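K.L.:
Sequence and computational prediction follow.
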Amino acid sequence: MITLSTFLKPVLRLSADEFPKIAARQFGVHDDIDRVWQDFAPVAHTLVDSFWTTVDHPRFATLVPMLDASDDDVRGVAYEGAGMGLSLLDCLLPHKKRLAGFLAGPGRDYKPLLYIGAGLALPRMPVDPLRVMARHDDDERWLILDGYGFYHGFFTPEKSLHQQVRPRRITGYAARMFDRGLGRSLWFTTAANTQRIAATIEPFPAARRGDLWSGVGLACAYAAGVLDEPAMRSLVTAAGPDVDQFAVGVAVAAEFRHLTGHPAAYTDLACTLSWGADSAAVARIATAERKRTAPPDTTTPRYEAWRQGVRTAWSARRPHPTTAARTDR
């Protein structure tokens, strides 16, 4: 049967089998990249497969059972792929507004992942991500820029990572969200190698490193746990003065997992080592901060005010000498 994906696959050339090759092109051929990508494979294939499934089967009544058939550990990733597909279809057929309908309907519990997926698809379309974001009015819409940054870090690192350049139109708070996506991409392209992550982040201006480390924190606590306790501990240590932002990323991941009912052992490990508490407790802290958050001023997005509240909660639980004198960036 001829489907829309039949025509789009030769154009988009999106294949999970190519992902480890992309990582190797960035950091060279190493045994650990091949080994770790065997563990990353379920995440990569779920993302790509659910994207193509959504493109071909966008009717919600058909799509949702297909997404929910995914294993619990990667179901959020399946919804992320759906966000990619719905975003692409909205660009091709803008009168449908499929993403907005899915966010308000059967995808509401996976809203953050859907927004990330939507942003991940946008660089392949001739659209302005800020205009796309402006069509939505909830706090999590900023995650579209996280997905947008992830794409640039993973697929075009020669500018976004090695030259430290953002797209010109991405400024202000959007640039911070973009950097968090860049940081998240490093988890995969480095094959979760602490030394490569730290070496890539270190040359960036100090003002950008915290957001990059926050993206790493989100990724390590959410996607495909591949680190044992000593390796995870070394990753937390490597964040250095930005460990507070790393911990915020971990908390975001913990809330993602517990809101959708899919906790994971590696999320507990990341939370225990960065927060001194399990993921359920950290998720409760993040959710409580969300409920009490109000923007401190008209220039601070509510989403960032919430993150600052989470960081303050981390500082109160686990003060760190390198962050005690810092102010929120």
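P.N.:
Thanks, I have it.
K.L.:
Quick check: what element follows the helix or strand of the chain with the lowest mean pLDDT along the chain?
P.N.:
When the helices and strands of the chain are scored by mean pLDDT, DSSP states H and E, helix 19-27 comes last with a mean of 88. Next along the chain after helix 19-27, taking DSSP states H and E as the criterion, comes helix 31-56.
K.L.:
next structured bit after that following helix?
P.N.:
That would be, after helix 31-56 and using DSSP H and E, helix 60-68.
K.L.:
Packing partners of the helix or strand that that next one is followed by?
P.N.:
Once the chain leaves helix 60-68, the next helix or strand it forms, by DSSP H and E, is helix 72-92. Applying 3 or more Cβ pairs under 8 Å, 6 or more residues apart in numbering; DSSP states H and E, one finds that helix 72-92 makes contact with helix 31-56, helix 60-68, helix 98-104, helix 111-121. Yep, even glycine has a C-beta here, placed from its N, CA and C like the rest.
K.L.:
Find the one among these with the highest mean neighbour count.
P.N.:
Burial of those is given as mean neighbour count (mean count of other Cβ atoms under 10 Å); helix 111-121 ranks first at a mean of 28.
K.L.:
Determine the angle, from 0 to 180 degrees, between that helix and helix 31-56.
P.N.:
Comparing the axes of helix 111-121 and helix 31-56 via axes from the mean of the first three to the mean of the last three Cα atoms, to 10 degrees yields an angle of 100 degrees.
K.L.:
what's the spacing between helix 111-121 and its chain's center?
P.N.:
8 Å (Cα atoms, centre = their mean, to the nearest Å).
K.L.:
and if you look at stretch 239-254?
P.N.:
13 Å.
K.L.:
Just the CA trace of it, in CSV.
P.N.:
Provided in CSV are the C-alpha atoms of stretch 239-254 (Å, rounded to 0.1, in the frame of the first residue of the first chain):
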residue,chain,number,x,y,z
ALA,A,239,28.9,18.9,36.3
GLY,A,240,30.9,20.8,38.9
PRO,A,241,29.5,24.3,39.6
ASP,A,242,26.6,23.5,37.3
VAL,A,243,25.4,20.5,39.3
ASP,A,244,22.4,22.5,40.5
GLN,A,245,21.2,22.9,36.9
PHE,A,246,22.0,19.2,36.2
ALA,A,247,19.8,18.4,39.2
VAL,A,248,16.9,20.5,37.8
GLY,A,249,17.2,18.5,34.5
VAL,A,250,17.0,15.3,36.5
ALA,A,251,13.9,16.5,38.4
VAL,A,252,12.2,17.4,35.1
ALA,A,253,12.9,13.8,33.9
ALA,A,254,11.5,12.4,37.2
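K.L.:
now that stretch: mean pLDDT?
P.N.:
Regarding stretch 239-254, the rounded mean pLDDT is 98.
K.L.:
still on that earlier bit, can I get the helices and strands packed on helix 72-92 in TSV including distance to Thr190 and mean pLDDT?
P.N.:
Shown next, in TSV, are the helices and strands packed on helix 72-92 (distance: least, Cβ to Cβ, whole Å; pLDDT from 0 to 100):
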stretch	distance to Thr190	mean pLDDT
helix 31-56	8	94
helix 60-68	29	98
helix 98-104	31	97
helix 111-121	19	97
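K.L.:
The ones you listed: which one's closest to Gly147?
P.N.:
Gly147 lies closest to helix 111-121 among these, at 2.6 Å (Cβ to Cβ).
K.L.:
which secondary structure elements does that closest one contact?
P.N.:
Using 3+ Cβ pairs under 8 Å, 6+ apart: helix 111-121 touches helix 31-56, helix 72-92, helix 98-104, helix 143-155, helix 243-259.
K.L.:
how close does Val175 sit to His136?
P.N.:
Just so we're on the same page, residue 175 is Ala rather than Val. As judged by Cβ to Cβ, to the nearest Å, Ala175 and His136 stand 19 Å apart.
K.L.:
and if you look at Val310?
P.N.:
According to Cβ to Cβ, Val310 and His136 sit 22 Å apart.
K.L.:
more crowded one of the two?
P.N.:
Val310 (25 against 17; other Cβ atoms under 10 Å).
K.L.:
host element of that one?
P.N.:
Per DSSP H and E: helix 302-317 holds Val310.
K.L.:
residues in contact with the closest residue to Glu202 other than its chain neighbours?
P.N.:
Leaving aside its sequence neighbours, Glu202 sits nearest to Arg209 (Cβ to Cβ, 6 or more residues apart in numbering; 7.7 Å). By Cβ atoms under 8 Å, 6 or more residues apart in numbering, Arg209 lies in contact with 201-202, 242.
K.L.:
And the pLDDT for the nearest residue to Ala313 once chain neighbours are set aside?
P.N.:
Leaving out its chain neighbours, the residue that sits closest to Ala313 by Cβ to Cβ, 6+ apart is Ile285, at 5.2 Å. Ile285 is assigned a pLDDT of 97 by the prediction.
K.L.:
try Pro295
P.N.:
At Pro295, pLDDT is 65.
K.L.:
The one 10 residues further on too?
P.N.:
Looking at Ala305, its pLDDT is 94.
K.L.:
for the stretch 151-300 of the chain, what spans make up the helices?
P.N.:
Applying DSSP state H, counting those that start in this stretch to the stretch 151-300 of the chain gives helices spanning 157-160, 173-189, 194-201, 206-222, 229-238, 243-259, 265-275, 279-292.
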